[in-house]
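*Asks:* Test case, fold it:
(2 chains)
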Amino acid sequence: MNIRLEYVLFGFGILFCLAGVGYLAAEYVKHLSEAGKLASLLLTVAMFAFLSKYFEDIGW
Amino acid sequence: MAIKRRNLYLYLTLLCFFGIIAIFIADGYMGVYDTVYITAEEREQKIEADVWQRNDPYWSVGITQGDKTFLRYEIDNRRFSSYEADIEVTIWQMQEKVSDVLSRHIAIGAFKKDQIEWTLDTAALIPPDAQPEQRFDYTLTIKHGEIERNIILYINPPPYPIKAVPAPPR
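*Replies:* Presented below is the predicted three-dimensional model:
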């Protein structure tokens, strides 16, 4: 049990960031037009695809 | 070479993320948004702009005959330019205009809000020869620029007073 305090704080920071982005997404997705929703969906898919490739390259 | 490609994936991920944020700001936040507040039968209803984007673009409100309804129409201009329009509020029944409620010109600055308030008296809408148990349906239309909001007003008869039944003699 030798977890450094910084990592715990980073973890909280990432969690709060995700919660904030999730809240904003839930709040504003209802105002998006159909084209905006489609473009957001495509960008989300592309984002996860590129992120997966990045993690694959670093050996995860 | 491998590090360059790895960084390219990371940059593309970030590009997609900021693209999503940009769409949310430009398409989801920016624009002209309107909210209707209706107070009838001691209850305030809030009709936000996204309600009209659903499959059924109508909202209905029940009002008791003789009661007054308080309406507030708020326009939120989330644009870099000012918004100017003529607001027209009318009442319709069976595709025919029954009355003009109000007509006003509004000019709202960039990222500012404005609101209009008015009262609707149901007694003025009901024909004088109407029966007390009769129900009436009207459509309240709020129009400005390309935006049109339709609210169906169900004017219900007043509830009958409860009569006390005398106890049967013993």
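
*Asks:* contacts and neighbour counts: CA atoms only from here.
*Replies:* Will do.

*Asks:* thinking B:Thr13 is in contact with A:Ala46, fair?
*Replies:* Yes. Here B:Thr13 reaches A:Ala46: they are 7.5 Å apart, a contact under C-alpha atoms under 8 Å.

*Asks:* who's more crowded, those two?
*Replies:* B:Thr13 (23 against 17; other C-alpha atoms under 10 Å in any protein chain shown).

*Asks:* Where does pLDDT dip in chain B?
*Replies:* B:1, B:55, B:160-164 (pLDDT under 70).

*Asks:* Walking through it, point out its helices one by one.
*Replies:* B:2-23, B:122-125 (DSSP state H).

*Asks:* With just CA atoms, put the shortest one into CSV.
*Replies:* Which is helix B:122-125. Listed next in CSV are the C-alpha coordinates belonging to helix B:122-125 (Å, rounded to 0.1, in the frame of the first residue of the first chain):
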residue,chain,number,x,y,z
THR,B,122,-60.6,32.8,-19.8
ALA,B,123,-63.9,34.7,-19.1
ALA,B,124,-63.1,36.9,-22.2
LEU,B,125,-62.6,33.8,-24.4
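
*Asks:* Give the other helices and strands that it contacts.
*Replies:* Judged by 3 or more C-alpha pairs under 8 Å, 6 or more residues apart in numbering or on different chains; DSSP states H and E, helix B:122-125 has no packing partners among the helices and strands.

*Asks:* tell me which residues in that helix are buried?
*Replies:* Going by neighbour count (16 or more other C-alpha atoms under 10 Å in any protein chain shown), the buried part of helix B:122-125 is B:122, B:125.

*Asks:* got a list of what the nearest residue to B:Thr39 once chain neighbours are set aside touches?
*Replies:* What sits nearest to B:Thr39 in space, not counting adjacent residues and going by C-alpha to C-alpha, 6 or more residues apart in numbering or on different chains, is B:Phe70, at 5.1 Å. Under the criterion of C-alpha atoms under 8 Å, 6 or more residues apart in numbering or on different chains, the neighbours of B:Phe70 are B:38-40, B:117-120.
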